[in-house]
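[1] sequence first, then the predicted structure, then my questions.
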Amino acid sequence: IRLGHGIVTADSSRWPRYVVATTPTAWETARPFLGREPAGVAFNKWLDRRHLEETTDSLPDDVQLAVGIGAGRALDHAKFVAHRKGVPLIQVPTVVSTGAIIHGFCGNWTGRVISGHACVVNCEYVLVDYDLVLKAPERLNTAGLGDVLCGYAGLSEWRHNSKRGYGPRYDPDATRDVMAFHQELVTGFPQTLDKDGALTDESVRFIMKAVQDRDDRSLRNPAAPGADHSFCFALELANNRYWIHGEECALGGVIVAWHADESPETLIESLDTCRVRFRPRDMDISKEQLRKALEQLPLWMGDKAAGRDMDSLMRREPVVGQRFEKCWQWLESI
């Protein structure tokens, strides 16, 4: 990952004949930064496999490079382009909001249902241009911290289950590193802001490093399932639309912590400090949309045909009916 000023313009001026996978807004923002025009542009609408194939095949074949410009969907689309065209890949995130920046896999999607990987492509390098990234609204960058802090959900489930004699006993030693990591983010992020409280180059670097470090410092234990990320898939599937991934994860984490009765206020304080939006009213999520998501969640987690059989509180004791009404009332109150 390379970070700096003017690096997209400088590098793109030397790129061979290339094609771009992007989204309309990201393309409009990034295009002035490019030192030379691409041979073709594929605009991503969603990650359905057929859409990826059709848009990729519409691009010229006589290219030597694929470039992803945008956020998660665009960067995943670019991986598919590089794989299908058999060319190297460079990623140019316009926001530092998602693990798609550093992960090489592109999911195999049929509509909004994922089953394994469509491909795995490691990019040559990632260009994080401060001038480009800081053009985005603040929430699109701070959402990257939401994609990390949502890991609190797994800790909540493990503690909840342990107190009730379900599953393995909670092990503080196994969770110490991830808790320390979260505290580093909450303590360090405010120090990166300028005197007016705005994001700076250092803020971008800080968020990017947090996203990059997340995998190594996350808790990987069957007793702490990732219901926060499962919630994202269920929310999008149930409502047939996208939201900002890191904010979805954050909301999922908050709901899990609340349902487990394991200090949701701790996660809320962390998210607020890091300026991550998670409240449905701030995310444009209606009561009915959230209801549908939480009804879908146990079905998604237990879809054995898709290779999922997740043991989670959110599946064993779904947040539906009166429990959902209490959850919504609480979310509206915070």
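    It's in.

[2] please count neighbours and contacts with C-alpha atoms only from this point.
    OK.

[3] and the residue nearest to Thr273 when sequence neighbours are not counted, what helix or strand is that in?
    Leaving aside its chain neighbours, Thr273 sits nearest to Val186 (6.4 Å; criterion: CA to CA, 6 or more residues apart in numbering). Using DSSP states H and E, Val186 maps to helix 172-188.

[4] what is that helix packed up against?
    helix 138-149 (3 or more CA pairs under 8 Å, 6 or more residues apart in numbering; DSSP states H and E).

[5] pLDDT on the helix it packs on, on average?
    Per-residue pLDDT over helix 138-149 has a mean of 96.

[6] using PDB, list the CA coordinates for it.
    Output of helix 138-149 as PDB, limited to C-alpha atoms (Å, rounded to 0.1, in the frame of the first residue of the first chain):
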ATOM      1  CA  GLU A 138     -16.100  12.000   6.100                       C
ATOM      2  CA  ARG A 139     -18.600   9.200   6.800                       C
ATOM      3  CA  LEU A 140     -17.300   7.100   3.800                       C
ATOM      4  CA  ASN A 141     -13.800   7.100   5.300                       C
ATOM      5  CA  THR A 142     -14.700   6.700   9.000                       C
ATOM      6  CA  ALA A 143     -16.900   3.700   8.000                       C
ATOM      7  CA  GLY A 144     -13.600   1.800   7.700                       C
ATOM      8  CA  LEU A 145     -13.200   2.000  11.500                       C
ATOM      9  CA  GLY A 146     -16.800   0.600  11.800                       C
ATOM     10  CA  ASP A 147     -15.700  -2.400   9.800                       C
ATOM     11  CA  VAL A 148     -13.100  -3.100  12.500                       C
ATOM     12  CA  LEU A 149     -14.900  -2.100  15.700                       C
END
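
[7] and for it, what are the contacting residues?
    95-99, 133, 182, 185, 199, 204, 207-208, 210-211, 214, 244-247, 249-250, 267, 270-271, 274-277 (CA atoms under 8 Å, 6 or more residues apart in numbering).

[8] name all residues that make contact with the closest residue to Gly144 other than its chain neighbours.
    Closest residue to Gly144 apart from its sequence neighbours, by CA to CA, 6+ apart: Ser97 at 3.6 Å. By CA under 8 Å, 6+ apart, the residues touching Ser97 are 71-72, 140-145, 147, 207, 211, 245-246.

[9] buried set for stretch 202-214?
    203-208, 210-212, 214 (16 or more other CA atoms under 10 Å).

[10] circling back to that earlier point, can you count the residues close to the residue nearest to Thr273?
    Using other CA atoms under 10 Å, Val186 has 19 other residues around it.

[11] what score does it have for pLDDT?
    The score at Val186 is 98. That number is its pLDDT.

[12] list the contacts for it?
    Here Val186 is in contact with 270, 273-274 (CA under 8 Å, 6+ apart).

[13] what's the answer for Val211, then?
    96-99, 144-145, 147-148.

[14] buried ones in the biggest strand by length in the chain?
    Longest strand in the chain, counting residues (DSSP state E): strand 113-120. For strand 113-120, a neighbour-count test (16+ other CA under 10 Å) marks 113-114, 119-120 as buried.
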